[in-house]
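Asker: starting from these lines, generate the structure:
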Amino acid sequence: MERQIDINEVSDGKLYGLEDMVRADCAGCAGCSACCQGMGNSVVLDPLDVHRLEKGTGMGFESLLSGHLELNVVDGIILPNLKMAGVGERCTFLGENGRCAVHGFRPGICRIFPLGRLYENGSFRYFLQIHECKKKSRAKVKVKKWIDVPDAAAYDAYISRWHNFLKELQRIIQEDDTGQAAKTASMVVLKNFYVTPFDRDADFYGQFDRRLSNACGLFGIGCS
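Answerer: Numbers count the residues shown, from 1 in each chain. Next up, the predicted model:
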């Protein structure tokens, strides 16, 4: 989900790479779960997010959809997002104690918060969202430490490939007057990247790249 924003209004005016220091560390978010409530359908999940949730919870995609996730149209394509429910529209993974039950394998949008991503020229850089986090006394931390993934460079490259693929599908959908392209794109994306599970014991990125290559071939678009 891309937002149309003025970067100077929502950030500190800087862009960050993996090796940069950014004032994002919320000291474990002690006593606060504001960013886990009232988020609507904005926490959209990429294939790695769902793979990690499946592996961490032991639940399949359909089981996750029955309680924790939901499907919504994002820029013409049906994608899963975290479900908010109940009083306060709380994330369904948020415990009564205000702590995340899946923190160790939380989705990417949760993982990088209060950072956001600014996509340009086929890649992206991080920016600090200065109005989103309720914690005002944040400490500096290196970006790659904050996002807390085993291979941050491989993760960033994967995010760029996924984003570029979705942008190409959105272009195809916009150019189609019949509405069929949107249906086909959603079917291919859901089946190939979400419904069909990835091998939990094998390298995710290699599996993803093979599926991405096949999907790009179906639509006659380049993969990068």
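Asker: which residues of this protein score low on pLDDT?
Answerer: 1-5, 224 (pLDDT under 70).
Asker: longest helix in it, by number of residues?
Answerer: Ranked by residue count under DSSP state H, the longest helix found in the chain is helix 152-175.
Asker: what lies in contact with the helix or strand hosting F127?
Answerer: Under the criterion of DSSP states H and E, F127 resides in strand 123-128. The contact list for strand 123-128 (C-beta atoms under 8 Å, 6 or more residues apart in numbering) reads 7, 10-12, 14-17, 22-24, 112, 114-118, 143, 156, 159-160, 163. For the C-beta atoms, the positions are set from N, CA and C on the backbone; glycine is no exception.
Asker: angle of the longest helix of the chain against strand 123-128?
Answerer: 110 degrees (axes from the mean of the first three to the mean of the last three C-alpha atoms, to 10 degrees).
Asker: for the helix or strand following helix 152-175, name the packing helices and strands.
Answerer: Downstream of helix 152-175, the next assigned helix or strand under DSSP H and E is helix 180-190. If you count contacts as 3 or more C-beta pairs under 8 Å, 6 or more residues apart in numbering; DSSP states H and E, helix 180-190 packs onto strand 77-82, helix 152-175, helix 204-219.
Asker: turn these into TSV, columns for mean neighbour count.
Answerer: Output for the helices and strands packed on helix 180-190, formatted as TSV (neighbours: other C-beta atoms under 10 Å):
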stretch	mean neighbour count
strand 77-82	22
helix 152-175	17
helix 204-219	15
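Asker: can you list the ones you listed in a markdown table and add distance to G122?
Answerer: Listed next are the helices and strands packed on helix 180-190 as a markdown table, based on distance: least, C-beta to C-beta, whole Å:
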| stretch | distance to G122 |
| --- | --- |
| strand 77-82 | 19 |
| helix 152-175 | 6 |
| helix 204-219 | 14 |
